[in-house]
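Asker: with the sequence up front, the predicted model follows.
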Amino acid sequence: MTWMMSLPRDIKRVISVVSDSVFLCSALFAASWLSGVAQPSVFILSHTVSLLVWLAFSLVVFSVLGLYRAILRYMAPQAIATVVNGVAASSLGLMALCWFLPLDEIIRLVLCFSVIAVLFVGGSRWGFRSALQMQRHKTKSRVLIYGAGCSGRQLLYALQSGDEYKPVVFVDDNTELQKTTVCGLTVLPSELLEKAIQRYRVDRVLLAMPSAGRGRKRELLEYLSKLPVPVQSIPGMADLVAGHMKIDDLQDIRIEDLLGREVIEPDQQLLQANIRHKIVMVTGAGGSIGSELCRQIIRCKPDVLVLFDVSEFALYSIERELNAVKRRFGYHCAIKPVLGSVQQQKLLEQVMTNFQVQTLYHAAAYKHVPLVEYNMVEGVRNNVFGTWACAEAAIAAKVENFVLISTDKAVRPTNVMGASKRMAELVLQGLANRQTCTRMCMVRFGNVLGSSGSVVPLFAQQIKAGGPVTLTHKEITRFFMTIPEASQLVIQAGAMAKGGEVFVLDMGEPVRIYDLAKRMIQLAGLKLKDKTNPNGDIEIQITGLRPGEKLYEELLIGSNESRTQHARIRAAKEQFLSWSATMLLLNSLDVACQSFDQQMLRQILLDAPTGFAPSSEICDLLFVSGHTSETVKKELVH
């Protein structure tokens, strides 16, 4: 069977023509014998030339009807009508050939021929197709489809024509569908799910509920995570309608489905207020947050979008992606990629002035906690002085709106990254109070799913590799939000700014990272390996908190917050310094950075009103290596 399928298409067509020739001749021979009209051998020998003409006519009709264009393995049930039509035309030709016989004998002969020919020509094709399907089904993975609605039925048809999965049973919560048969498969209630997995020898569960809310999906996934098989889902309706994905493009369960957070549709008026038909600039445009901001911004149809980044590859990647989006949707937005560091104030001012930037989103920052701990000076330079340079350039270029992307780690920080971001907030608050030309605000939020350094893709990679999954502390918790939602809320918050506000995004409930890792392991169809189950598949290893890492994060320094016109955005009123006091701090920081004095740098951050409470000793690599070399020198002297 396999060797036949590997033959060239032309050879397969020749085989089909020869087979049909044999079938038609055999059908005529059998019909003449069964109907008793004439001796088959006498009948065929006395009309050989006429029969050859009839056979050629029949094969031409079959070809015109498309029987030799059809691919047998994908032949649909409707193809039987084509076979019947072809045999009917062949029967009419046979009637013309037998004009010399009495009418009743012609009718008997043709009726017998028609029935036998349909059985031979059609039956051979369906038999071959069935044999192929049986062969493929032996190697297919047996799947249970959860959801017997429209999406579930479409998925069934798509999988049946594929080579990987064999649907064996439906499960659905709808009582009207339960204990019925849909597309040949039994529909069982969810209470029988575990029994169905055992009875039908299910290898995986496919979730066909793309329109279900996040809350319902979370409940369902918590239940499914206890099953001994992997769980996957089909794409959401938005991806299907937009044509980005097909119904049978199966996905691993997304972390946002596990969190169960319902997404609120953005307020289009707020979303477009500072962007539509304006000139917009994004710093750190190639980063996780910056690139998603650019994707959201271009949909709001600005006239010009300036991409600013220090990384050549990141800038190239986002520019290429946005230009592809432009071509696809017909956007008339000029994309301007600019290489440079946010610490170069003159360059920033030149860029903003030349392009006449009206709205700026400052997303450029070093945000990886341990790396900034190891590189204190550069972390402070980029996060604090980079923000200052960018803000001063915006004021000089008369930019209308300036939005700083901040972090929950700026609240009572235990690390240099968080302290530097709180210092950046103080800088912006001071500048907002110093002038009224540029409206400045900050938007503070927690972890975003899928960002560089996020635990979620790391866990997925570790699970795929067979473990172990590494976690710094069993009780560590974090806030989570998807990058698109965070970016949309940042844009909407910026549109509400009057000057100097600290906006805080509603991140929902904090998530215990250990529980998250455990659920990801279970949904991959694997078992957690621990003391209670030493024969499990994947172990979670606790490695200890990294330098500067907190067990939990906060979003507010004080309790003075107020609601805004958006349900997911709050405004916090927090203390800030006068610009003169801020300048003294910045000058001291600059001296410490210029001299690479990490101890002085830490002391300034401790003395500043940032709430900095370091959780470890100075970890800066240059500081540690310098002290180590000094110690070695002293030991050598003594």
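Answerer: That came through fine. Numbering: from 1, shown residues only.
Asker: okay, CA-based contacts and neighbour counts for the rest of this
Answerer: Will do.
Asker: average pLDDT across stretch 408-421?
Answerer: Across stretch 408-421, pLDDT averages out at 90.
Asker: start to end distance for that stretch?
Answerer: 9 Å (CA to CA, to the nearest Å).
Asker: what's the spacing between that stretch and its chain's center?
Answerer: In terms of CA atoms, centre = their mean, to the nearest Å, the gap separating the centre of stretch 408-421 from the centre of its chain is 30 Å.
Asker: which residues are in contact with that stretch?
Answerer: With CA atoms under 8 Å, 6 or more residues apart in numbering as the test, stretch 408-421 has contacts from 366-369, 372-373, 376, 379-380, 383-384, 406-407, 422, 444-446, 547-550, 553-557, 605, 610-615.
Asker: which residues of the stretch 501-638 of the chain fall in helices?
Answerer: Along the stretch 501-638 of the chain, counting by DSSP state H, counting those that start in this stretch, helices occupy 513-523, 579-594, 598-607, 621-637.
Asker: I'd like the ones you listed written out as a markdown table, with mean pLDDT and mean neighbour count added.
Answerer: Output for the helices of the stretch 501-638 of the chain, formatted as a markdown table (pLDDT from 0 to 100; neighbours: other CA atoms under 10 Å):
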| stretch | mean pLDDT | mean neighbour count |
| --- | --- | --- |
| helix 513-523 | 81 | 21 |
| helix 579-594 | 94 | 16 |
| helix 598-607 | 94 | 17 |
| helix 621-637 | 65 | 12 |
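Asker: ok, back up a step: now a ChimeraX select for only the buried ones of the contacts of stretch 408-421.
Answerer: This is how ChimeraX selects the buried members of those, with burial counted by 16 or more other CA atoms under 10 Å:
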select :366,367,369,372,373,376,379,380,383,384,406,407,422,444,445,446,547,548,549,550,553,554,555,556,557,605,610,611,612,614
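Asker: do you know how far Gln541 is from Ser615?
Answerer: 22 Å.
Asker: re earlier: just checking, which of the contacts of stretch 408-421 belong to strands?
Answerer: Within the contacts of stretch 408-421, residues falling in strands by DSSP state E are Arg444.
Asker: quick check on Thr610: phi, psi?
Answerer: phi -100, psi -10 (degrees, to the nearest 10).
Asker: go on, the one 10 residues further on?
Answerer: With angles defined as degrees, to the nearest 10, Asp620 shows backbone torsions of phi -50, psi 130.
Asker: isn't it up against Glu373?
Answerer: Yes. The pair Asp620 / Glu373 is scored as a contact, 5.8 Å apart, by CA atoms under 8 Å.
Asker: can you pull the domain assignment for the protein?
Answerer: 2-137, 141-253, 268-448+481-507+554-607 (automatic domain parsing).
Asker: save those domains as TSV, and put in distance to Pro468 too.
Answerer: What follows is the domains of the chain, written out as TSV (distance: least, CA to CA, whole Å):
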stretch	distance to Pro468
domain 2-137	34
domain 141-253	18
domain 268-448+481-507+554-607	21
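Asker: out of those domains, which is closest to Thr532?
Answerer: Closest to Thr532 of the domains of the chain is domain 141-253 (CA to CA; 15.6 Å).
Asker: averaged pLDDT, that closest one. What do you get?
Answerer: On average, domain 141-253 scores 77.
Asker: numbering from 49 from now on, please.
Answerer: OK, 49 is where the count begins now, so the last one is domain 189-301.
Asker: and Ser339, how far is that from Lys394?
Answerer: Counting by CA to CA - Ser339 and Lys394 are separated by 24 Å.
Asker: scratch that, Val417
Answerer: Relative to Lys394, Val417 is positioned 29 Å away (CA to CA).
Asker: which residues touch stretch 188-206?
Answerer: By CA under 8 Å, 6+ apart, the list of residues contacting stretch 188-206 from outside reads 211-221, 225, 230-231, 235, 245, 248-258, 295-296.
Asker: before we move on, what about stretch 636-650?
Answerer: Met424, Val425, Arg429, Ile652, Ile666, Asp668, Phe671.
Asker: surely the fourth one is in contact with Asn635?
Answerer: No. Taking contact to mean CA under 8 Å, the distance of 10.5 Å between Ile652 and Asn635 leaves them out of contact.
Asker: re earlier: neighbour count for Ser339 and Lys394, which is higher?
Answerer: Comparing Ser339 with Lys394 by other CA atoms under 10 Å, the one with more neighbours is Ser339, at 26 against 14.
Asker: residues touching that one, list them.
Answerer: Gly332, Ala333, Ile366.
Asker: and stretch 157-171, average pLDDT?
Answerer: For stretch 157-171, mean pLDDT is 79.
Asker: what does that stretch rub up against?
Answerer: Counting by CA under 8 Å, 6+ apart, 68, 71-72, 75-76, 78-80, 82-83, 85, 128, 131-132, 135-136, 139, 142-143 sit against stretch 157-171.
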